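Engineer: sequence and predicted structure are below.
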Amino acid sequence: MPDHPGQEFQDETSYRRDAMEKHELDWRSKPPIYKFYAYAPVVGLPDPAPALDDYPGPDIYTCVSKRRSIRSFGITPLSLLELSRLLWASAGITNSYVTPHGQDFYRASPTAGALYPIETYVVVNNVEELEQGLYHYRIAGLDILERPIAEGSHSLEQLKSGDLRGDISAAALDQLMCAKAGAVFLWTAVFIRSVWKYRERAYRYFYLDAGHMAAQLSLAAVAQGLGSCPVAAFYDDECNALLGVDGESEGIVYMTAVGRPSLPFGVRRADLRHTSRPKE
Ligand SMILES: Cc1cc2nc3c(=O)[nH]c(=O)nc-3n(C[C@H](O)[C@H](O)[C@H](O)COP(=O)(O)O)c2cc1C
């Protein structure tokens, strides 16, 4: 074990002008960029953006200025439409393009090389019309040749049913907000998707890609009057076990807890402690 593995990682993954190796891409071995749970029950989601022109919510500048990490959630459930918009704004399809093999899609968040290594899972604690449990976000549908198609896109594959509040909170270093949240997003990286092109440098990009998705989710939460908190303090092995991934080919990189804030926007518990009581 090196003395400073973090520094070693930074050095080993640096690009240097005089030490760039030639690297031919083998397109035939390009890994697939969609993960499917073929036998999981699928739950459709409401259209996240039926009429953006009529969008009644706050503008982007208001969302940015209001965003704070919210860790205190009330008991009112998230709606399925709110969850749908959070998924779409962080990981959903926003445009399509034509490839030599058919159609493919651009997604809401940027990603190095359009390789989309990040998968989205959701632990559902308290969402209207959705059973508690663990879900995987199905970004696109599949045709019979397993090529991505729009039909069947933007849905959830149910991987587990039941109350996972204790498990998700324990896996997140016992942070109780994950049990109180309406939903907890978990992002994994499927490492080979980006290693195929960027090799060791890909390990920088996983965290950048996931960071973009988390940032977009946090703004989509504010836009809907919801609160969210990014979470990187977690037990990796426990998260991977909860998701049923091995941590080697696919592993947890980031999480975000989302819910209905229990306090008005801009007010924190600490602020309440400093509020002077009315004199009797
Ligand atoms: C990479 C990263 C990891 C974080 N992990 C946690 C966490 O595990 N638990 C937590 O309560 N907050 C976590 N946060 C939230 C930060 O504490 C928060 O962003 C910071 O205090 C600034 O406050 P603000 O988000 O309200 O602007 C994390 C934020 C980032 C960017």
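Structural biologist: Sure thing, it's come through.

Engineer: and the chain, which residues reach the ligand?
Structural biologist: By CB under 6 Å from any ligand atom, the residues of the chain that approach the ligand are Arg68, Ser69, Arg71, Gln175, Cys229, Pro230, Val231, Ala232, Ala233. No exception for glycine: its C-beta is placed from N, CA and C like everyone else's.

Engineer: not counting sequence-adjacent ones, nearest residue to the last one?
Structural biologist: When the adjacent residues along the chain are set aside, Ala233 lies closest to Leu173, with 4.5 Å between them (CB to CB, 6 or more residues apart in numbering).

Engineer: low-confidence ranges in the stretch 151-280 of the chain?
Structural biologist: Low-confidence segments of the stretch 151-280 of the chain (pLDDT under 70): 266-280.

Engineer: for it, just list every one of the strands.
Structural biologist: 155-161, 183-190, 227-231, 250-259 (DSSP state E, counting those that start in this stretch).

Engineer: doesn't Ser218 make contact with Val64?
Structural biologist: No. Applying CB atoms under 8 Å, one finds Val64 not in contact with Ser218, separated by 9.6 Å.

Engineer: between those two, who's got more neighbours?
Structural biologist: Taking other CB atoms under 10 Å, Val64 and Ser218 do not tie; Ser218 has more neighbours (26 against 13).

Engineer: tell me which element Ile75 falls in.
Structural biologist: Using DSSP states H and E, Ile75 is not contained in any helix or strand.

Engineer: quick one: contacts for it?
Structural biologist: Ile75 makes contact with Asn126, according to CB atoms under 8 Å, 6 or more residues apart in numbering.

Engineer: restrict stretch 17-29 to CA atoms and write it as CSV.
Structural biologist: Provided in CSV are the C-alpha atoms of stretch 17-29 (Å, rounded to 0.1, in the frame of the first residue of the first chain):
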residue,chain,number,x,y,z
ARG,A,17,2.5,16.2,-22.8
ASP,A,18,5.7,14.2,-23.2
ALA,A,19,4.3,10.9,-22.1
MET,A,20,1.0,10.3,-23.9
GLU,A,21,0.8,6.7,-25.2
LYS,A,22,-0.9,6.0,-28.5
HIS,A,23,-4.1,4.1,-27.9
GLU,A,24,-6.2,2.7,-30.7
LEU,A,25,-9.9,2.1,-29.8
ASP,A,26,-11.3,-1.2,-30.7
TRP,A,27,-14.9,-0.3,-31.5
ARG,A,28,-16.0,-3.9,-31.7
SER,A,29,-15.3,-4.3,-28.1
